[in-house]
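Enquirer: When you get a sec, could you give me coordinates for this:
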Amino acid sequence: MILARFRLLISLIVASAALGGTFVFAKALREQARKTSRHVPDAGVWIERRAAGTPDDIAHGRKFYARSCAECHSDDASGDEGPDLRGLPFSNRRVAKIVREGIKGEMPSFRKKYGDKEISSLIAFLRSLPNEDQAVASSSRP
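Expert: Now for the predicted structure:
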């Protein structure tokens with residue numbers, strides 16, 4: 001009787017550890033997937049993730065944003081017809097792909113309008129924006 005309970009207890013501990021390890025592993029995989037794009041870019045259109053855009057890149061990106069994106073995503077990128085673009089969880093490659101190719105039935109392609117340099121500047125501008133939590137916090141200060 002005691003041996004059977006001991007075996008049951010050991011089995012439950014092992015199963016709990018295995019399940020917990022699975023959840024930790026799954027969380028790590030989700031985080032890695034969130035940070036990287038599944039898209040393998042074509043040669044010549046690779047846009048590397050940069051720590052921060054230069055002030056010139058951000059200024060140029062702001063102009064491109066005002067010209068082509070603000071109508072749907074609002075002037076402050078908080079979203080209107082299109083989604084909120086502050087604090088994007090996607091890699092720069094993924095954002096560049098969306099800008100270049102568009103989203104069928106939702107967003108036009110900007111492949112013919114902007115080249116890699118312009119798209120890179122646009123991404124630098126988007127990365128310079130405060131994310132939603134930062135924007136809310138700064139607007140609630142006296």
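Enquirer: what secondary structure does D57 sit in?
Expert: Secondary structure, DSSP: H, G, I helix; E, B strand; the rest coil: D57 is helix.
Enquirer: residue contacts, it?
Expert: S120, S121, A124, F125 (CB atoms under 8 Å, 6 or more residues apart in numbering). Quick note: C-beta positions are derived from backbone N, CA and C, even for glycine.
Enquirer: Among those residues, name the ones in strands.
Expert: Of the contacts of D57, none are assigned to strands by DSSP state E.
Enquirer: Adding distance to K27, write those out as CSV.
Expert: Output for the contacts of D57, formatted as CSV (distance: CB to CB, whole Å):
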residue, distance to K27
S120, 31
S121, 34
A124, 30
F125, 31
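Enquirer: And the average pLDDT for the longest helix along the chain is what?
Expert: Longest helix in the chain, counting residues (DSSP state H): helix 2-35. For helix 2-35, mean pLDDT rounds to 80.
Enquirer: try stretch 79-94
Expert: Stretch 79-94 shows a mean pLDDT of 88.
Enquirer: Only C-alpha atoms, please: export that stretch in PDB.
Expert: Output of stretch 79-94 as PDB, limited to C-alpha atoms (Å, rounded to 0.1, in the frame of the first residue of the first chain):
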ATOM      1  CA  GLY A  79      -4.400  52.700 -35.700                       C
ATOM      2  CA  ASP A  80      -7.600  53.700 -37.500                       C
ATOM      3  CA  GLU A  81      -8.700  51.600 -40.400                       C
ATOM      4  CA  GLY A  82      -5.300  49.800 -40.200                       C
ATOM      5  CA  PRO A  83      -3.800  48.400 -37.000                       C
ATOM      6  CA  ASP A  84      -1.700  50.200 -34.400                       C
ATOM      7  CA  LEU A  85       1.900  50.300 -35.600                       C
ATOM      8  CA  ARG A  86       3.500  51.300 -32.300                       C
ATOM      9  CA  GLY A  87       5.700  48.600 -30.700                       C
ATOM     10  CA  LEU A  88       5.400  46.200 -33.600                       C
ATOM     11  CA  PRO A  89       6.200  42.600 -32.500                       C
ATOM     12  CA  PHE A  90       7.500  41.700 -35.900                       C
ATOM     13  CA  SER A  91      11.100  41.600 -37.200                       C
ATOM     14  CA  ASN A  92      12.200  44.300 -39.600                       C
ATOM     15  CA  ARG A  93      12.200  41.700 -42.400                       C
ATOM     16  CA  ARG A  94       8.600  40.900 -41.800                       C
END
